[in-house]
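J.: let's see this in three dimensions:
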Amino acid sequence: MKKITLILASFPLLLCCACSDDSSNGATAEMENSDKASALSAKKETNDFSNTTSVSYGIVPVDTAKKCNSPASTELTDDYNCIEPLSKTEYIFRTEATPLYTPSVGEKVLGYISAFYEENGIQYSGRDGTGAYGVYYRLLEKDAQRYVVWLWSNTMYQAEEACVKDLMFFQEKCSQNVGEFADYIKDDCAAKTLSLSCVMPTNSELGDKDVLDSIAADLDAFVLENWSTPVKSRFDGDESAESASSASP
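T.: Numbering: from 1, shown residues only. Okay, here's the model as predicted:
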């Protein structure tokens, strides 16, 4: 199996993302305050990163330009058959999806990982007790060089520190792989929302099913390790089957 230079197998080893609520494990208030202090410290470190990087590969992660098909009738308006993507980090695959994984904890489905082999892509869409997540990978080629386009579109419900940890992880991973990083919101998680992209060179072959399957397997392990926070009951703070099932996408 050809190895992708993104080294996604390291995902489960880097515990940089959303963590389960300390109070559910009987943690003390002192520990919670320590975690918040650490998150605030990490947030300050994000200010040391630029919202974009100096390296540029000339690739637009998501083309948000309006695209129009010829109208079926002259009576239709010009915009009738037009599509204008609203997000710069939510890629719309247009070929058949092949379901690969449904990460779950107990009976609670966290989301779905699918491959789009015709487009050399992988997509994860799901949520847990901390936030909702959208992850997209695409392999493409430009000027005889192959690239990985990596997108995150995440929204945290309450925990700003979880957002900061995700942001730090994404920035560092992109930098390690000589990637072109972009943060389209640029508010250091003040709105607890991430809209991130990273374009990285790779040696992986386009059309190699094994490469995409390997990315999907590593993404599944990453989700279970980092984005599987239990959903809490709004009444007593305990886990409940009812609240867990409501978190399923």
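J.: please identify which helix or strand holds residue 200.
T.: strand 193-202 (DSSP states H and E).
J.: neighbouring strands - and their directions - for that strand?
T.: Strand pairing for strand 193-202, using DSSP bridges, gives strand 145-156 (antiparallel), strand 180-183 (antiparallel).
J.: got the CA coordinates for the last one in CSV?
T.: Extracted as CSV, the C-alpha positions of strand 180-183 are listed here (Å, rounded to 0.1, in the frame of the first residue of the first chain):
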residue,chain,number,x,y,z
GLU,A,180,-0.6,26.1,2.8
PHE,A,181,-2.9,26.9,5.8
ALA,A,182,-5.9,29.2,5.9
ASP,A,183,-8.3,30.1,8.6
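J.: pLDDT of that strand, averaged?
T.: On average, the pLDDT along strand 180-183 is 94.
J.: the first one now?
T.: For strand 145-156, the mean pLDDT works out to 95.
J.: then stretch 126-134?
T.: Averaging pLDDT along stretch 126-134 gives 94.
J.: what does stretch 88-97 give?
T.: What stretch 88-97 shows for mean pLDDT is 90.
J.: may I see the buried residues of it?
T.: For stretch 88-97, the neighbour count (16 or more other C-beta atoms under 10 Å) marks 88, 89, 90, 91, 93 as buried. Every residue, glycine included, has its C-beta placed from N, CA and C.
J.: out of those, who's nearest residue 151?
T.: Nearest to residue 151 among these: residue 89, at 4.4 Å, using C-beta to C-beta.
J.: contact partners for the closest one?
T.: Listed by C-beta atoms under 8 Å, 6 or more residues apart in numbering, the contact set of residue 89 reads 61, 62, 134, 136, 151, 152, 153, 184, 195, 196, 197.
J.: let me have the strands paired with strand 193-202 in CSV, adding distance to residue 211 and mean neighbour count as columns.
T.: Output for the strands paired with strand 193-202, formatted as CSV (distance: least, C-beta to C-beta, whole Å; neighbours: other C-beta atoms under 10 Å):
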stretch, distance to residue 211, mean neighbour count
strand 145-156, 10, 21
strand 180-183, 21, 21
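J.: turn those strands into TSV, including distance to residue 210.
T.: Formatted as TSV, these follow (distance: least, C-beta to C-beta, whole Å):
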stretch	distance to residue 210
strand 145-156	15
strand 180-183	26
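J.: so which of those strands comes closest to residue 108?
T.: Using C-beta to C-beta, the strands paired with strand 193-202 put strand 145-156 closest to residue 108, at 18.3 Å.
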